[in-house]
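> Curious how this folds, go ahead:
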Amino acid sequence: MTQKSAGPGPDLSRLLLTPEAAARLDAHGGTDAGVLLPMYGWPDRPGLVFTERRSDLRRHAGEISFPGGRQEKPDEDLRSTAPSTSPPRRDS
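I've put the predicted structure just below:
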């Protein structure tokens, strides 16, 4: 599978795993999960969007993390675990 750059600037696809290659990795842990790495400002001022986990959670409360989550149903596509995230607002 060939991945193409989504916009101007350097093509990062050569640094990324394809979904098939990622699925073949031998990773520890028993829960499949997926995260979204929302980038903005590319290529002039690149940045990533993070979320702060709710403070009332039993595990990892208040931690800074990438948007995403665990797979709820075994047949669910992991890409569906990443929530819809609005891009940061630009100062005009």
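> As a check, name the ranges of all strands in the protein.
Per DSSP state E, the chain has strands spanning 33-35, 39-40, 47-48, 51-52, 64-65, 68-70. These are given in chain order.
> residues making contact with the fourth one?
Among residues not part of strand 51-52, those counted as contacts by Cβ atoms under 8 Å, 6 or more residues apart in numbering are 62, 63, 64, 65, 66, 67, 85. From N, CA and C alone the C-beta is placed, and that goes for glycine too.
> Quick check: mean pLDDT of that strand?
For strand 51-52, the mean per-residue pLDDT is 88.
> mind listing what that strand pairs with, with the direction of each?
Strands flanking strand 51-52 in the sheet, each with its direction: strand 64-65 (antiparallel) (DSSP bridges).
> Quick one: residues in contact with the partner strand.
With contacts defined as Cβ under 8 Å, 6+ apart, strand 64-65 is touched by 35, 50, 51, 52, 53.
> rewinding a little: please dump the strands of the chain into JSON lines; it should also carry mean neighbour count and distance to residue 25 for every row.
Output for the strands of the chain, formatted as JSON lines (neighbours: other Cβ atoms under 10 Å; distance: least, Cβ to Cβ, whole Å):
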{"stretch": "strand 33-35", "mean neighbour count": "15", "distance to residue 25": "13"}
{"stretch": "strand 39-40", "mean neighbour count": "13", "distance to residue 25": "22"}
{"stretch": "strand 47-48", "mean neighbour count": "11", "distance to residue 25": "22"}
{"stretch": "strand 51-52", "mean neighbour count": "13", "distance to residue 25": "24"}
{"stretch": "strand 64-65", "mean neighbour count": "10", "distance to residue 25": "20"}
{"stretch": "strand 68-70", "mean neighbour count": "15", "distance to residue 25": "17"}
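> could the contacts of strand 51-52 be laid out in JSON lines, adding distance to residue 45?
What follows is the contacts of strand 51-52, written out as JSON lines (distance: Cβ to Cβ, whole Å):
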{"residue": "62", "distance to residue 45": "28"}
{"residue": "63", "distance to residue 45": "26"}
{"residue": "64", "distance to residue 45": "20"}
{"residue": "65", "distance to residue 45": "22"}
{"residue": "66", "distance to residue 45": "19"}
{"residue": "67", "distance to residue 45": "20"}
{"residue": "85", "distance to residue 45": "19"}
